[in-house]
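K.L.:
When you get a sec, could you give me coordinates for this:
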Amino acid sequence: MSGLEKLSPVRRFVRLACLVVALGALRASIPADAVAQDADTNEPAAQSGGPRTAPPSLWDLTVQGGIFMIPIAGCSVVIIAFIVERFIGLRRRKIVPPALLQELDRQTSQTAGLDPRVAYHACQQHPSPMANVLRAALLKTGRPHSEVEKAVEDAGAREVAALFTNVRPLNVCASIGPLLGLIGTVQGMIMAFIVTSTTTATGAAKAQELAQGIYTALVTTFAGLCVAIPAVLFAHFFEGKIDRLVREMEEIMLEILPHLERFEGKGRLKRVPRKTNAAAESVPETIDSVEPLSS
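P.N.:
Numbering: from 1, shown residues only. Down below sits the predicted model:
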């Protein structure tokens, strides 16, 4: 172990501070004439390369990136739009409404047990993926337990697919963004070498033209990576959030299904279609009420 490692942190800090002060004093002791002479010596070397031009702005690089910057910009717009949409659409209270959970807790905690009719009306009042899965189970009330579980699995698969629908564009943009940047770079490199091979400049001027063409061509690769990296991060974030919500829905259904087993073979839940005011015709997909269980 070295002598510095044996010292305490306070002593290390004191020694480091003393070293910094000593270096500052040493630099201050250097004559100003020597510094000025060194600057004068280096000035002709800096000026020998000619006047330096200001680096291009980000907008100039974007314009010089070529036609492939247009689809990359389109991907960025798509990514921003779907990120905002998923932040709004994957809110917990929209997937698993707290009011629906409160009603289910009240139903399961009472002495009479869960009433499928009341639970069905609660699902109608709070439409959500959780309500859709629960409603599929309630419509199978009275059927064998295997049929109820199958209905829950099918409804859950549909809801999960719907939740993942607007995450797929993020994955697509994350995949094609670097590819668009790469093909733009390849095109730019080809054009740069064509210009270099046909130019009449020689020596440093020719190398400068080639370098300018190369850095302009690399703009599309840079832009494609800037688009793809956030898309990948947010896609994984939303996928993880969906997995957590799905696990919560499964846990809720595991608590609800035992309360439906007591109705097996004793009755069935029936839907009553609502009638329109104009034509007084039945609308099968709309539900007003649920008939009582019949034995």
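K.L.:
contacts, neighbours, all on C-alpha from now
P.N.:
Fine.
K.L.:
where do the helices sit along the stretch 101-250 of the chain?
P.N.:
116-125, 129-138, 145-165, 168-198, 204-260 (DSSP state H, counting those that start in this stretch).
K.L.:
What count of nearby residues applies to the residue nearest to Gln124 when sequence neighbours are not counted?
P.N.:
Among residues not flanking Gln124 along the chain, Ala131 sits closest, at 7.5 Å (CA to CA, 6 or more residues apart in numbering). Neighbourhood size, Ala131 [other CA atoms under 10 Å]: 24.
K.L.:
what's the spacing between Ala131 and Arg93?
P.N.:
Noted for Ala131: a distance of 12 Å to Arg93, by CA to CA, to the nearest Å.
K.L.:
Kindly report the same for Trp59.
P.N.:
For Trp59 relative to Arg93 (CA to CA), the value is 42 Å.
K.L.:
swap in Arg143?
P.N.:
Arg143 is 31 Å from Arg93, where distance means CA to CA.
K.L.:
Compare neighbour counts for those two and give me the winner.
P.N.:
For Arg143 versus Arg93, neighbours defined as other CA under 10 Å are more numerous around Arg143 (20 against 12).
K.L.:
shouldn't the more buried one be in contact with Glu264?
P.N.:
Yes - taking CA atoms under 8 Å as the definition, Arg143 is a contact partner of Glu264 at 5.5 Å.
K.L.:
For Leu163, give me its contacts.
P.N.:
Leu90, Ile242 (CA atoms under 8 Å, 6 or more residues apart in numbering).
K.L.:
Now name the helix or strand holding Trp59.
P.N.:
helix 58-64 (DSSP states H and E).
K.L.:
what sits up against that helix?
P.N.:
Here helix 58-64 makes contact (CA under 8 Å, 6+ apart) with Met69, Thr216, Val219.
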